[in-house]
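J.: Predicted structure and sequence below. I'll ask about it afterward.
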Amino acid sequence: MSNNNLGSGRGGASPYDDDNSSSSSSSAGSPLPDFNASNIQLSTVAPAFGISSSAAAASGLQSRQPDYLDYDQKGRGIFSIMCTNSGISYLIGVTLGGLYGLKEGLARTPSSRLKVKLNSVLNHCGRHGSGLGNMMGATAIMYSLYEGVADSFELDAYTGPIQPPAPLFAGMMTGATYYMRAGPRVAALAGTIGLGAVG
């Protein structure tokens, strides 16, 4: 009834002791189970991760085929690029026009009173900021549309050494379209300037 380890500081026998330390540890077996992961069926453990067994079987989780992500080489669509370009251009135009309007409003104020100066600055900032922002936003929309048209028709297959032709075509057509109401000569000149600005 008495324990040999009592009072020796070693404590009682443990199932995790070495085989040599206790005779009872030999009957306890190995402390860790033999875990073989190759026998796991994914359809069995799939519900633990929120996937139904039928969906796991239908999607081929049991197979060991690698998954590949779809890669869109064309990138963003024409309307996404158009909205991004026009928004950025409009913000830049409003900022630059507003700064120019601030300078003009302070320089051309008719009185030194604070309310008159503030009114003059707000008028000039609104006039120059909105004008430049609208012009740059409309130009960016036309440029993005022409560039998308050039990409959709694959102009690079016809231009030979001139690569990439889409920005050049877009710059030329944007300049010509923006000033087409002033006549063909002015439109041609604006198209040339747009071509040179991009090129």
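T.: In hand now; what should we look at? Numbering: from 1, shown residues only.
J.: Where does the prediction get shaky in this protein?
T.: 1-35, 37, 42-43, 46, 50, 52-75 (pLDDT under 70).
J.: Show me the helices in it, by range?
T.: Assigned by DSSP state H, the chain shows helices spanning 25-28, 42-45, 53-58, 78-107, 114-152, 165-178, 184-198.
J.: and the angle for the last one with helix 114-152?
T.: Think helix 184-198. 90 degrees (axes from the mean of the first three to the mean of the last three Cα atoms, to 10 degrees).
J.: List the buried residues for helix 184-198?
T.: Ala187, Ala190, Gly191, Gly194, Leu195, Val198 (16 or more other Cβ atoms under 10 Å). Any C-beta I mention is one placed from the backbone N, CA and C, and that applies to glycine too.
J.: Looking at those, which is nearest Ala166?
T.: Val198 (9.7 Å; Cβ to Cβ).
J.: coming back round to it: any chance of the helices of the chain in TSV with distance to Thr159 as columns?
T.: Output for the helices of the chain, formatted as TSV (distance: least, Cβ to Cβ, whole Å):
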stretch	distance to Thr159
helix 25-28	81
helix 42-45	52
helix 53-58	48
helix 78-107	20
helix 114-152	10
helix 165-178	4
helix 184-198	13
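J.: Of all the ones you listed, which one is nearest Tyr158?
T.: The nearest among the helices of the chain, by Cβ to Cβ, is helix 165-178 at 7.9 Å.
J.: could you say what helices and strands that closest one packs with?
T.: If you count contacts as 3 or more Cβ pairs under 8 Å, 6 or more residues apart in numbering; DSSP states H and E, helix 165-178 packs onto helix 114-152, helix 184-198.
J.: now, of the helices of the chain, which is deepest in the fold?
T.: Among these, helix 165-178 has the highest mean neighbour count (mean count of other Cβ atoms under 10 Å), at a mean of 21.
J.: follow-up on the earlier one: output the helices and strands packed on helix 165-178 as CSV; include the columns distance to Gly160.
T.: What follows is those, written out as CSV (distance: least, Cβ to Cβ, whole Å):
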stretch, distance to Gly160
helix 114-152, 15
helix 184-198, 17
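J.: nearest to Met173, of these?
T.: Of those, nearest to Met173 by Cβ to Cβ is helix 114-152, at 4.5 Å.
J.: on contacts alone, who are the packing partners of the closest one?
T.: Identification of packing neighbours for helix 114-152 by 3+ Cβ pairs under 8 Å, 6+ apart yields helix 78-107, helix 165-178.
J.: For Gly87, list the residues it contacts.
T.: Counting by Cβ atoms under 8 Å, 6 or more residues apart in numbering, Gly87 makes contact with Gly137.
J.: same check, this time on Leu195
T.: Leu195 neighbours (Cβ under 8 Å, 6+ apart): Leu168, Gly171, Met172, Gly175.
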